[in-house]
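**Q** Quick one: sequence and predicted model below, then my questions.
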Amino acid sequence: MNAPIKAEDQFHQLIHQNHMWGLWEIASQMTPHPRPEAIAYQWKWSILKEVVKQSATAVPVGDERRAMQLFNPGLNGQWATTNTLIAAVQVLLPGEVARAHRHSPAAIRFIIQGSGAYTAVEGEKVIMHPGDLVLTPSWQWHDHGNETSETVVWMDGLDVPLTKALNAIFFEMGKELRAQNTKPVNGSQALYGHGRLSPTWTKERPQFSPLMLYSWDQTLSALHALRAREGSPYEGIALEYTHPQTGGPVMPTISCRVQMIRKGEKLKARRVTGSSVFHVVQGRGRSMIDGKAFDWEKGDIIALPSWALHAHANSGTEDAILFSISDRPVIESLGFYREQTE
Ligand SMILES: [Fe+2]
């Protein structure tokens, strides 16, 4: 004879069948601190380089860009490098054009190799060189073209997982391969690329930075100008790329930073709310992330989940430079920012 079903079990059946769960059944999800499903993960340049090389002959640049998306192994096949950001490595061969399109997720490009190709953003052709940061903000038409004789490679960074979580993804493919060039080449740099000096006659104050190109020359000279300073004990000589009119982040959802970890420098450990993706621009080093060592060199890309205890150190013979994107503007504007040091 079957034992009679207890009233408590009957009650649970009733609520589950009707799409309800007791808080007592799920309370463990209210964790004392963030417990991301994304893991710290490193894509080594030695592998990326091979992928870049083989991609050139294995796949064409069709309507979809030749961009290899970095999927976080902790996120079960989701289109995500961290819970909020996707990073990719994109390749454009001589003579290729990636069709014009626009999307609500905001995107940045950090140029890894190849000089002189362009990204056209809302009618402005932006010429790209290694180390440059190029923006394609939310819903701005953009296409990429390589009129040079060398292969161009860059890292893409987008807020796709965040936009998706908010059910705010929009996408539109252009009718023409290339958008019309309606503005001067590198025009936004001529207008807004003078630090805290901005033109008074331009009336637009977009939420995203109106400066589409942050050139490596300027970035590197700023890092060198500050090299002798103490800097941050956690980040070294760390700089944020800013909106020239507001001083805020370059996008409402993405902060872009660059940091120099000087030869011999060993930074202190810290955890912060929000996730990041790092790209090694130069040098070698070791990052300890939640007790695990990640030895990195030029070209590597590393995902850093929220609240992971991390400390970077230079282990090479020259200054190391890391570029990174993070969701910090979202975290800060919602009042969720916290940090903890050991
Ligand atoms: Fe795009």
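**A** Cool, got the structure.
**Q** so where does residue 313 fall, helix or strand?
**A** Using DSSP states H and E, the element containing residue 313 is strand 310-314.
**Q** And for residue 57?
**A** helix 45-58.
**Q** what does the strand holding residue 313 rub up against?
**A** Residues external to strand 310-314 that are found in contact with it (CB atoms under 8 Å, 6 or more residues apart in numbering): 40, 234-236, 261-271, 283-290, 304, 320, 322. C-beta: built from backbone N, CA, C; applies to glycine.
**Q** Show me what the mean pLDDT comes to for it.
**A** Per-residue pLDDT over strand 310-314 has a mean of 98.
**Q** Please state the offset of it from the chain centre?
**A** How far strand 310-314 lies from its chain's middle: 19 Å, per CA atoms, centre = their mean, to the nearest Å.
**Q** With just CA atoms, put the very next helix or strand once past that strand into CSV.
**A** The helix or strand immediately downstream of strand 310-314 is strand 320-326, counting by DSSP H and E. Output of strand 320-326 as CSV, limited to C-alpha atoms (Å, rounded to 0.1, in the frame of the first residue of the first chain):
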residue,chain,number,x,y,z
ALA,A,320,53.0,45.7,-19.6
ILE,A,321,49.9,47.4,-20.9
LEU,A,322,46.4,46.0,-20.6
PHE,A,323,43.3,47.3,-22.3
SER,A,324,40.0,46.4,-20.7
ILE,A,325,36.2,46.8,-21.0
SER,A,326,33.8,46.5,-18.2
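**Q** Touching strand 320-326 from outside, list them.
**A** Strand 320-326 has contacts (CB under 8 Å, 6+ apart) with 85, 87, 108, 110, 133, 155, 157, 223, 254-262, 274-285, 312, 314.
**Q** In strands, which of those residues appear?
**A** Judged by DSSP state E, strands contain the following of the contacts of strand 320-326: 87, 108, 110, 133, 155, 157, 255-261, 276-282, 284-285, 312, 314.
**Q** ok, which stretches of this structure are helices?
**A** Under the criterion DSSP state H, helices of the chain are mapped to 7-17, 23-26, 45-58, 160-165, 187-192, 216-225, 328-333.
**Q** Point out the one among these that comes closest to residue 137.
**A** helix 187-192 (11.0 Å; CB to CB).
**Q** name the helices or strands packed onto that closest one?
**A** Applying 3 or more CB pairs under 8 Å, 6 or more residues apart in numbering; DSSP states H and E, we find helix 187-192 packed against strand 124-128.
**Q** Return the mean pLDDT over the strand it packs on, rounded to an integer.
**A** 96.
**Q** got the angle for that strand vs helix 216-225?
**A** Here the directions of strand 124-128 and helix 216-225 differ by 60 degrees (axes from the mean of the first three to the mean of the last three CA atoms, to 10 degrees).
**Q** Could you pull out the buried residues of strand 124-128?
**A** Of the residues in strand 124-128, 124-128 count as buried by neighbour count, 16 or more other CB atoms under 10 Å.
**Q** Stretch 228-245 too?
**A** 231, 234-245.
**Q** For the closest residue to residue 100 other than its chain neighbours, grab the count of nearby residues.
**A** Residue nearest to residue 100 in three dimensions, not counting chain neighbours: residue 174, with 3.3 Å by CB to CB, 6 or more residues apart in numbering. The tally of other residues near residue 174 (other CB atoms under 10 Å) stands at 15.
**Q** shaky segments in this protein?
**A** Filtered on pLDDT under 70, the chain yields the residue ranges 1.
**Q** swap the cut-off to 80 and go again
**A** Along the chain, the parts satisfying pLDDT under 80 run over 1-3, 62-64, 177, 179.
**Q** Nearest to residue 104 among the helices of the chain would be which one?
**A** Closest of the helices of the chain to residue 104 is helix 160-165, at 5.8 Å (criterion: CB to CB).
**Q** buried ones in the closest one?
**A** Using 16+ other CB under 10 Å as the burial criterion, the residues of helix 160-165 that qualify are 160-164.
**Q** now it, how far from the centre of its chain.
**A** Relative to its parent chain, helix 160-165 has a centroid offset of 13 Å by CA atoms, centre = their mean.
**Q** go on, stretch 321-333?
**A** 8 Å.
**Q** Check stretch 43-62 too.
**A** On CA atoms, centre = their mean, the centre of stretch 43-62 falls 19 Å from that of its chain.
**Q** How about stretch 131-151?
**A** Counting by CA atoms, centre = their mean, stretch 131-151 comes out at 15 Å from the chain centroid.
**Q** residue contacts, residue 265?
**A** Counting by CB under 8 Å, 6+ apart, residue 265 has contacts 236, 313-314.
**Q** Residue 245 versus residue 203, what's the distance?
**A** Residue 203 is 11 Å from residue 245, where distance means CB to CB, to the nearest Å.
**Q** Then residue 172?
**A** Counting by CB to CB, the separation of residue 172 from residue 245 is 27 Å.
**Q** Next: residue 57.
**A** 44 Å.
**Q** Report the buried residues of stretch 292-311.
**A** 294, 296-297, 299-311.
**Q** Out of these, flag the one nearest to residue 339.
**A** Nearest to residue 339 among the buried residues of stretch 292-311, counting by CB to CB, is residue 307 at 9.6 Å.
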